[in-house]
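**Q** here's my sequence, what's the structure:
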Amino acid sequence: MSQPPILSYENLGLQQGSGWLFENLDLHIGPQDRLALIGRNGAGKTTLMKLIAGQIEADKGKRTVQPGINVVMLDQDPDVAAFDTLLDFTLHGENPPPQYEIEAIADQLGIDLSREAKTASGGERRRAAICRALASEPDLLLLDEPTNHLDLHAIEWLEKWLDRYRGAFMVISHDRTFLTRLTRQTYWMDRGLLRRNEIGFGGYDAWTEQVYAEDARNAARLDAKLKIEEHWKERGVTARRKRNQGRLAKLYEMRAARAAMEGAQGIAKLSAANDGSKTKTVIHANEVSKSFGDRKIIDGFTLRIQRGDRIGIVGANGTGKTTLVRMLTGEAQPDSGTVTLSPTLSGIFIDQQRKLLSPEKRVRDVLAEGSDWIDVRGVRKHIQGYLKEFLFDPSLVEARIGTLSGGEQSRILLAREFAREANLLVLDEPTNDLDLETLDLLQEVVADYDGTVLIVSHDRDFLDRTVNLTLGLSGSGKVDIVVGGYADWEAKRDRRETAPASKAAKPKAEAAAPKAAKAAKLSYKDQRDYDLLPGRIAQLETEIADAETQLSDPALYTANPDRFAKLTRFIETAGKEKDAAEERWLELAIMAEQLAG
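**A** Okay, here's the model as predicted:
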């Protein structure tokens, strides 16, 4: 940290029950720090943030704040019950922000602050709290799960605001894309310690792997190996990363195969497919349209969904995402067009409504109706072993649902639903209120699922890691069908928004198109890139991992700031090159598949 801190805590400690939640922590926040605060559920992240904000008092430790520093916290669940309207909520307090500034932010976020507070949705309450926090001109902004219950438009707007923001911020979030794009430093709460590293969330996985590996070596030297091995087995960082890499490779293959079905040629080929291929279609939407009043939200939508497809559905609130899902699953009928479902289709709907779990019931009752055994999609498993698969201590089998945290209840709901026999899985905002480890678990379960998956979500990283086809809704009736994940849909959207600038070149491109369509094989340059890019991608991954390992040395920034800056620049540049190389290779793979067909 090159500048004096604007806020510090020394020897911080807070008791919980008869013990310490954490003790002897030191924390320093610089004037332009962009901090990710990471830790497992129960580690005390939100509590630490409230201590930093001055909302609660520590049991020991010294809090120092530079004079005149305005510290503002965005709570995870803002309480608006005492106010008539959301505007009243934003203007409460001793030094409320100017109303015109609040209303200007509200207009950009798309929130009507005249809304009655007690009937406001979670997303509306969160937007109102954001309006108040940002308009307060904070020097230090503390954000606890800021993207929960926000749609993509609001998340992207908040990202752009924070990117321009000149002060410091600390954020707790499960949104990997949000953290990776915005943070430059990381505090990690782990086993009673608070570790800091001068890297953003993008380097977090490599850093934690190094820490755990060093812990294991130290433990062996101190003859305390068993304890660390148990933690290592629980965490499984390296093994999970390798499994996820394998799943991503399989996902890229699925995307390439799906791309061959899309476009004019793909649709014609599919409609003329033989009987064996037709049996793979589980949902066929043909010229589907739907209106509410004078507003047509879906217009002429056509798609064949194949067995094994992972479909992501994205768009701002009110664009018709849930309506589209209900029509695709037969719960709602279109105004025109048809939706044909396979007669063998059976679905599971998971919408994170924890109210469906009775608080007085035991975990055993919810999962196995009181038994020791549970049928998991046709396979009999012991309930304690199944609990471990969902990151639970097996001893929780007798715990009452009401004693579990919100995240634990979400995991129980996932465990219960994923055990059922079905070939269609529908997930409506499945990542809300889940921690990073549970998100990793959910990604694994979805990737290993044998059936078809429909996912409505604003979690961009989760979509990029799980879906092979994305449906993007604009609210005007058009549904974009894009092979790939959120990033692929975002790229197409951005190209469309900037299209007027390239109109002059368009006739030439169109004139060249027929010639390109006659190509029987990849050009020399395309074939060379197709052959060489995998090696270059692997090389970049190795070099980036090595640089991240060097950056994880806490002493590097102080001992050699030039080396630290050089490594930071290299990771950013190499990361962009790797992303571009992967995208180029995937495009070429799709081209090769189409030419081969």
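
**Q** C-alpha only now, for contacts and for neighbours.
**A** Fine.

**Q** quick one: low-confidence ranges for the stretch 401-550 of the chain?
**A** 406, 498-520 (pLDDT under 70).

**Q** give me that answer again for 80
**A** Low-confidence regions of the stretch 401-550 of the chain, defined by pLDDT under 80, span residues 405-407, 432-435, 437, 494-522, 524, 538, 541, 548.

**Q** now the strand or helix carrying residue 213: buried residues?
**A** Secondary-structure assignment from DSSP states H and E places residue 213 in helix 204-221. Residues of helix 204-221 classed as buried by neighbour count (16 or more other Cα atoms under 10 Å): 204, 206, 207, 208, 209, 212, 215, 216, 219.

**Q** closest one of these to residue 301?
**A** For the buried residues of helix 204-221, the closest approach to residue 301 (Cα to Cα) belongs to residue 204, at 41.1 Å.

**Q** so who does that closest one touch?
**A** residue 186 (Cα atoms under 8 Å, 6 or more residues apart in numbering).

**Q** which elements pack onto the helix or strand encompassing residue 494?
**A** Residue 494 belongs to helix 486-497 when assigned by DSSP H and E. Counting contacts by 3 or more Cα pairs under 8 Å, 6 or more residues apart in numbering; DSSP states H and E, helix 486-497 is packed against helix 460-466, strand 469-473, strand 479-483.

**Q** out of the ones you listed, the one nearest residue 558 is which?
**A** Taking Cα to Cα as the criterion, helix 460-466 is the member of the helices and strands packed on helix 486-497 that comes nearest to residue 558, at 33.0 Å.

**Q** and the spatially closest residue to residue 544 that is not a sequence neighbour, what element?
**A** Using Cα to Cα, 6 or more residues apart in numbering and skipping residues adjacent in sequence, the residue nearest residue 544 is residue 571, 5.7 Å away. Take DSSP H and E as the rule and residue 571 turns out to sit in helix 561-596.

**Q** so among the buried residues of helix 204-221, where is pLDDT lowest?
**A** Looking at those by pLDDT, the weakest one is residue 219, with 64.

**Q** tabulate the buried residues of helix 204-221 (JSON lines), appending distance to residue 328.
**A** Below are those laid out as JSON lines (distance: Cα to Cα, whole Å):
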{"residue": "204", "distance to residue 328": "39"}
{"residue": "206", "distance to residue 328": "41"}
{"residue": "207", "distance to residue 328": "43"}
{"residue": "208", "distance to residue 328": "42"}
{"residue": "209", "distance to residue 328": "42"}
{"residue": "212", "distance to residue 328": "45"}
{"residue": "215", "distance to residue 328": "50"}
{"residue": "216", "distance to residue 328": "50"}
{"residue": "219", "distance to residue 328": "54"}
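
**Q** looking at the residues you listed, spot the one nearest residue 495.
**A** Of these, the one sitting nearest to residue 495 (Cα to Cα) turns out to be residue 204, at 31.3 Å.

**Q** re earlier: tell me the most buried of the helices and strands packed on helix 486-497?
**A** Across these, the average number of neighbours (mean count of other Cα atoms under 10 Å) peaks for strand 469-473, which reaches a mean of 25.

**Q** how far off helix 486-497 does that one point, in degrees?
**A** 50 degrees (axes from the mean of the first three to the mean of the last three Cα atoms, to 10 degrees).

**Q** quick one: buried residues of the helix holding residue 494?
**A** 486, 488, 489.

**Q** distance check, the residue nearest to the spatial centre of the chain against residue 129.
**A** By Cα atoms, centre = their mean, the mean C-alpha position of the chain lies nearest to residue 459, the distance being 3.5 Å. For residue 459, the distance to residue 129 (Cα to Cα, to the nearest Å) stands at 21 Å.

**Q** next one: residue 196
**A** 29 Å.

**Q** same check on residue 158?
**A** From residue 158 over to residue 129 (counting by Cα to Cα), the distance is 12 Å.

**Q** tell me which of those two has more neighbours.
**A** More crowded of residue 158 and residue 129, by other Cα atoms under 10 Å: residue 129, with 26 against 19.

**Q** Provide a list of residues in contact with that one.
**A** 74, 75, 78, 90.

**Q** nearest spatial neighbour of the first one, skipping sequence neighbours?
**A** On the basis of Cα to Cα, 6+ apart, the spatially nearest residue to residue 74 that is not a chain neighbour turns out to be residue 143, at 4.9 Å.

**Q** hmm, residue 280 and residue 341 touching each other?
**A** No - at 11.4 Å, residue 341 and residue 280 do not qualify as touching, with contact defined as Cα atoms under 8 Å.

**Q** confirm residue 374 sits in a helix?
**A** No - going by DSSP: H, G, I helix; E, B strand; the rest coil, the assignment for residue 374 is strand, not a helix.

**Q** report pLDDT for it.
**A** Confidence score, pLDDT, at residue 374: 92.

**Q** one step back: if I look at the residue nearest to residue 74, how far off is residue 193?
**A** 21 Å.

**Q** cool, and residue 405?
**A** From residue 405 to residue 193 the distance is 22 Å (Cα to Cα).

**Q** now for this protein, the helix or strand with the poorest mean pLDDT.
**A** When the helices and strands of the chain are scored by mean pLDDT, DSSP states H and E, helix 263-271 comes last with a mean of 32.

**Q** before we move on, back to that, distance to residue 69 for the buried residues of helix 486-497 - can I get that in a markdown table?
**A** Listed next are these as a markdown table, based on distance: Cα to Cα, whole Å:
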| residue | distance to residue 69 |
| --- | --- |
| 486 | 38 |
| 488 | 41 |
| 489 | 41 |
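
**Q** where's residue 431, which helix or strand?
**A** Using DSSP H and E, no helix or strand contains residue 431.

**Q** quick one, grab the pLDDT at the residue lying closest to residue 287 once chain neighbours are set aside.
**A** What sits nearest to residue 287 in space, not counting adjacent residues and going by Cα to Cα, 6+ apart, is residue 300, at 4.1 Å. Looking at residue 300, its pLDDT stands at 93.

**Q** on that earlier part again, part of a strand, is the residue nearest to residue 74?
**A** Yes - assessed with three-state DSSP, residue 143 lies in a strand.

**Q** contacting residues for it?
**A** 73, 74, 75, 76, 169, 170, 171, 172.

**Q** just give me the least confident of those.
**A** residue 76 (80).

**Q** near the nearest residue in space to that one that is not next to it in sequence, how many other residues are there?
**A** By the measure of Cα to Cα, 6+ apart, the closest residue to residue 76 outside its immediate chain neighbours is residue 144, 5.0 Å from it. When neighbours are counted by other Cα under 10 Å, residue 144 registers 21.
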